[in-house]
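> build me a model:
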Amino acid sequence: MKAASPPRRAPTRRQLEVLRAYIAAGSVAAAAYELGISETTVRQHLSGLYRRTGCVNAAQAAYWLGSGGLAR
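The predicted model follows:
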């Protein structure tokens, strides 16, 4: 298995905020409620974060966030 490569570009502050809320809440719906935004907006922020960073999903993004690779 090939090791994950580091992020291509840093995510925006809002993308990180949404990722953290998603991780803490455990679902898109709960993160949307906590942030006061729609579920669609949460999904759009996460999708943008994946494109910017090269992460393929929230688990990989959470790993990079925890290791300091997505710190901003």
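> centroid-nearest residue for the protein?
Against the mean C-alpha coordinate of the chain, by C-alpha atoms, centre = their mean, the closest residue is Leu19 at 3.5 Å.
> residue contacts, it?
Listed by C-beta atoms under 8 Å, 6 or more residues apart in numbering, the contact set of Leu19 reads 11, 45-46, 49, 58, 61-62, 65, 70. From N, CA and C alone the C-beta is placed, and that goes for glycine too.
> mind checking which of those residues are in helices?
Using DSSP state H, the subset of the contacts of Leu19 located in helices is 45-46, 49, 58, 61-62, 65.
> follow-up on the earlier one: so which of the contacts of Leu19 sits lowest on pLDDT?
For the contacts of Leu19, the least confidently modelled position is Leu70, at 62, judged by pLDDT.
> on that earlier part again, of the contacts of Leu19, which is the nearest to Val28?
The shortest approach to Val28 among the contacts of Leu19 belongs to Leu46, at 7.9 Å (C-beta to C-beta).
> does that closest one really touch Ala58, like I thought?
Yes - taking C-beta atoms under 8 Å as the contact criterion, Leu46 and Ala58 are neighbours in contact, 6.5 Å apart.
> out of these two, which sits in the more crowded spot?
The residue with the greater number of neighbours, taking Leu46 and Ala58 and applying other C-beta atoms under 10 Å, is Leu46; the counts read 21 against 16.
> out of the ones in helices among the contacts of Leu19, who has the most neighbours?
Neighbour counts for the ones in helices among the contacts of Leu19 were taken using other C-beta under 10 Å; the highest belongs to Ala61, with 25 neighbours.
> got a list of what it touches?
Residues in contact with Ala61, defined by C-beta under 8 Å, 6+ apart, are 19, 46, 49-50, 53, 55, 70.
> any idea how far it is from Ile37?
Here the criterion is C-beta to C-beta, to the nearest Å. By it, Ala61 lies 18 Å from Ile37.
> among the contacts of Ala61, which pair sits farthest apart?
Using C-beta to C-beta, the pair of the contacts of Ala61 lying farthest apart is Leu46 and Leu70, separated by 12.5 Å.
> done for today, thanks.
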